[in-house]
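>>> Dropping a prediction and its sequence here:
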Amino acid sequence: MSKRPAKPPLGDLFAPGGPLASAKPGYRERPQQVDLARAVARAFGEKGVLLADAPTGTGKSLSYLAAAVLSGEKVVVSTATLALQHQLLSEDIPPLKAAVSQLLGYPEDEGFSYAVMKGRSNFLCGLRHEDSLRQGSILDGDLLMGLDRWVAETETGDREDLPFPVPVGTWMEVASDGEDCAPKACRFRDGCFYYAHRDRAAEADLVIVNHALLLANVAADGNIFETEGRHLVIDEAHRLEDVMSDALGARVSYGRVRYVARQATKKSEGAADHADRAEMAAEAFFGELREGGELGRERHAPPSYKTLLDALDSTKRTLAADPKEEANNLTGMVGRLRRDLVSFYAEPEETHVYAIVPGRSRDPLRKPYPELRSWLVDTAEAFREWVLPTFEDGGVVLASATLANGSGGGRSFSYARQRLGLEGDPGGRRVAEHAGDEVFDYGERCLLYVEEGIGEPTLGTADAYAEACARRAEELVGMSRGRALILLSTSRAVRAFRESFRPQYPVKFQGDDAPGRLVRWLKETDGAVLVGTRTFWEGVDVPGPSVSLVVIDRAPFPPPGDPVVAKLCKRAGKGWFREVSLPRAQVALRQGAGRLMRRPDDRGVVALLDPRIRARGWGKSVLKAMPPAPVTGSLEEVRRFFAADGDA
């Protein structure tokens, strides 16, 4: 940054008629936004930790971005979703840059710099592309020719910029991969798309990453991007626990073995026979896994397990003995695959949970192989001892619209503190909490309908319950005149709705198109109704009357078959419901309900169709997680509410 004010004038930046108001159309001052920005600035100044719960409408991204920019220091921002990254890049950062330049009196091109940093698999590798042309690959001829033309023209090599679709599996054949990268010896190093991207992003004052890359960089001791002297903002922080759990576990699939075998074959003629044997052994191994089995002991492994291990060992030894450095570099890839495989048939670590899970196949006629998966259960120690110290020179901010449980002044950060190891002052760093005030007038502009008249959902009545929800949803959609988002708990419920839900308005279901296009259809189609599952519980931003009704079929407790949740519940003993299941349901409900009110003049109804919320003791805790709107069980009151809606 070329201009670094001694005292960040946050209030001036956000003031009515001030720089942001002139740079961002429709901007209006919100005290809650300024309060959050000041809390973030304090965390940066103190090099402390801030837990920030910012209700929908706060404009939290501009809060932490403004504090970051006016700090005059470098900052990493981590997000969970592409949607938020796109919002930061297209809607928030450009007007903020103009506003800060106006405030401080210098040209925009002298202002702060920013960049998105992506993982290397997003970029084409010149050497791998050449190998595919020279040696052949699983890419068909037309696809290879298309890639060849694109490589000659592209300036980025970024898969996102491809003018034609390339399936993930085939893209990985030519994608950059650190496992076999030898930059000092590579003749493509000077023009490498990934390193050019990384080097540009590393110079930026503001670097935007996703949670997975943040964790990968921590695991790589900061070799992906520099963290020394930088602050960290983790937005969508309610997702961090799940991302950590997944990223710090292991996954062994037939596709992974096949990928490793193909890379070994490309780099070493001597390893080809051993790699082919590993691929055939993997086909047998995962075929045997279809019949079930136990984990945790070698004697429980399928018969072909030893054959697969031997083939991987032979492949690794041959690669290590190959005179070519590019072959030697693959020994780490093979070794990690072998270690991950062995971990499922060795003494289980108490920090993890292990499972055989169903695989997925794009071909409906081909039965997919199962996969071996493990997840980290104890995220607290990992975050406290692993992530926080990586940013010991700066402040760390964790922000979300649903980071705390409860509502109003009674919100609690206890669950987040526990799962992220932030109880007390970790590493001597002060942990502050910021529970922002509500921005919207829920009392006047929102109604919360809680169902009382249908039977409770049970394991034996799932289909009947879905049918009853579909009938009630039809009534509610009739009152709202379409303009509805229906959030269901399972894919099975979506299938049931597809068969029986018949509103008198345009309707589409999850799976009819890509999620982004479905949301765009909902936004642009009069009276539209969109039905989906967890894909649409977060990140759907449709302001205005296009979403005037949000229907949620049941309290979204985590599924009992979730291995991580099952282990956490077992550890919690008698307190499993209050300590594990209920907090997760509260967060999910707040996210789902948050799809309704996106700006101050929005108006509508959130309908909870789970009658247990009225009948069970935990229902009061569930309602505490919802927006502070009037609660009713009367359909007639819902009808009157919509009748008073001038847009209906």
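That came through, no problem. Numbering: from 1, shown residues only.

>>> and stretch 587-604, C-alpha only, in CSV?
Taking Å, rounded to 0.1, in the frame of the first residue of the first chain, the C-alpha atoms of stretch 587-604 are listed here in CSV:
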residue,chain,number,x,y,z
VAL,A,587,-26.7,-23.0,13.1
ALA,A,588,-28.4,-24.7,10.1
LEU,A,589,-31.8,-23.2,10.9
ARG,A,590,-30.4,-19.7,11.2
GLN,A,591,-28.7,-20.1,7.9
GLY,A,592,-31.9,-21.4,6.2
ALA,A,593,-34.1,-18.7,7.7
GLY,A,594,-31.5,-16.1,6.7
ARG,A,595,-32.5,-16.7,3.0
LEU,A,596,-35.6,-14.6,3.6
MET,A,597,-34.6,-11.1,4.7
ARG,A,598,-31.7,-9.8,2.6
ARG,A,599,-32.4,-6.1,2.7
PRO,A,600,-34.4,-3.7,5.0
ASP,A,601,-37.5,-3.5,2.8
ASP,A,602,-37.8,-7.3,2.4
ARG,A,603,-40.9,-8.8,3.9
GLY,A,604,-42.1,-12.4,4.3
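
>>> what about the closest residue to Arg430 other than its chain neighbours, neighbour count?
Spatial nearest neighbour of Arg430, chain neighbours left out: Gly48 (4.2 Å); criterion: Cβ to Cβ, 6 or more residues apart in numbering. For every residue, glycine as well, the C-beta is placed using N, CA and C. Applying other Cβ atoms under 10 Å, we find 18 residues neighbouring Gly48.

>>> who's in contact with Gly48?
Neighbouring residues of Gly48 by Cβ atoms under 8 Å, 6 or more residues apart in numbering: 42, 395-396, 429-432.

>>> again with Glu433
50-53, 404, 413.

>>> For the residues you listed, name the two members farthest from one another.
Spatially, the most separated pair among the contacts of Glu433 is Leu50 and Ala404, at 12.5 Å (Cβ to Cβ).

>>> Comparing these two, which shows the higher neighbour count?
Using other Cβ under 10 Å as the criterion, Leu50 and Ala404 rank with Ala404 on top: 30 against 24.

>>> Kindly state the pLDDT recorded for the residue nearest the centre of the chain?
A centroid search over the chain (Cα atoms, centre = their mean) returns Ala80, at 3.5 Å, as the residue closest to the centre. pLDDT for Ala80: 91.

>>> Provide a list of residues in contact with it.
The contact partners of Ala80, by Cβ under 8 Å, 6+ apart, come to 210-211, 235-236, 239-240, 243.

>>> Buried ones among the contacts of Gly48?
Buried members of the contacts of Gly48, scored by 16 or more other Cβ atoms under 10 Å, are 42, 395-396, 429, 431-432.

>>> So which of these belong to helices?
Counting by DSSP state H, the part of those found in helices is Arg42.

>>> hmm, back to that, of the contacts of Gly48, which belong to strands?
Of the contacts of Gly48, the ones assigned to strands by DSSP state E are 396, 431-432.

>>> For Leu448, give me phi and psi.
Phi and psi for Leu448, reported as degrees, to the nearest 10, are phi -110, psi 110.

>>> That one contacts Ala629, doesn't it?
Yes. With contact defined as Cβ atoms under 8 Å, Leu448 reaches Ala629; the gap is 4.5 Å.

>>> which neighbours do the two share?
Common contacts of Leu448 and Ala629, defined by Cβ under 8 Å, 6+ apart, comprise Val606.

>>> for this structure, which spans come out with low pLDDT?
Along the chain, the parts satisfying pLDDT under 70 run over 1-8, 133-141, 361-366, 406-410, 646-648.

>>> Tell me, domain by domain, which residues of it belong where.
Structural domains assigned to the chain are 10-113+204-244+380-435, 120-197, 254-368, 442-643, following automatic domain parsing.
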